[in-house]
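*Asks:* Take this sequence and fold it.
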Amino acid sequence: RLRDQVGKIAEMRLGELTRGELEGYLRRMAEEDLSEVDDTRLGPSGEWVEQCTLRLHLLEGEPRELRYSRYDSLPLALSRLTTMAEELAPRTLARGGYALPAGYRPQPGDLLRRADGVLFEVVAFTSDGKGVELQGVDQPLTVFARPEELPQQFVDLVSSRGP
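*Replies:* You can find the predicted model right below:
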């Protein structure tokens with residue numbers, strides 16, 4: 001499960017893993033030594049600082065809730081767990097059960113719906129080929145993103161005009 005909250009608005013996303021994938025992630029998580037991780041520490045905080053909570057309930061041991069902010073210097077074990085969580089995040093389904101198709105590759109003319117419902121059209125790749133330019137359909141907004149980040153920002157391929 002992935003729960004995103006901005007202010008008072010929260011969104012829960014769900015994803016599924018195969019049995020082998022689940023066992024692999026559980027094994028990797030259980031290998032981390034969390035003895036040096038302080039569950040109660042909090043770094044900088046405030047309205048504009050992201051706060052993260054990582055809840056772990058592995059097969060062995062007690063459930064743990066680890067809190068940190070975006071600007072904290074994380075212990076190695078917590079940093080590795082955060083990386084695993086970030087690996088899993090794109091696999092969750094966005095609101096309404098929508099998600100970009102697995103292995104989606106943007107093509108000029110594709111229409112994508114962002115998580116907030118705003119439609120964007122894929123215009124072109126950047127000159128270095130590492131980014132995608134998207135233009136708002138109903139809003140005068142241009143967004144640049146790396147192709148691998150699109151599933152984190154966009155929840156639906158509305159139409160595809162590409163090959």
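
*Asks:* and the residue nearest to Tyr104 when sequence neighbours are not counted, what element?
*Replies:* Closest residue in space to Tyr104, ignoring its immediate chain neighbours: Leu157 at 6.4 Å, by Cβ to Cβ, 6 or more residues apart in numbering. C-beta coordinates here come from the backbone N, C-alpha and C atoms, glycine included. Remark: Leu157 resides in strand 154-159, with elements defined by DSSP states H and E.

*Asks:* got it, and Gln152?
*Replies:* According to DSSP H and E, Gln152 maps onto helix 150-153.

*Asks:* list the contacts for the residue nearest the centre of the chain?
*Replies:* Note on the chain: the residue nearest the mean C-alpha position is Ala89, at 4.1 Å, using Cα atoms, centre = their mean. Residues in contact with Ala89 (Cβ atoms under 8 Å, 6 or more residues apart in numbering) are 2, 152.

*Asks:* So for it, what's the pLDDT?
*Replies:* For Ala89, the pLDDT comes out at 76.

*Asks:* Specify the local secondary structure of it.
*Replies:* helix (DSSP: H, G, I helix; E, B strand; the rest coil).

*Asks:* if we can go back for a sec, return the alpha-carbon coordinates of the strand holding Leu157 using PDB.
*Replies:* Taking C-alpha atoms only, strand 154-159 is exported to PDB below (Å, rounded to 0.1, in the frame of the first residue of the first chain):
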ATOM      1  CA  PHE A 154       0.300  10.200 -14.700                       C
ATOM      2  CA  VAL A 155      -2.400   7.700 -14.100                       C
ATOM      3  CA  ASP A 156      -4.000   7.000 -17.400                       C
ATOM      4  CA  LEU A 157      -3.200   6.800 -21.100                       C
ATOM      5  CA  VAL A 158      -6.400   8.400 -22.500                       C
ATOM      6  CA  SER A 159      -5.500   8.000 -26.100                       C
END
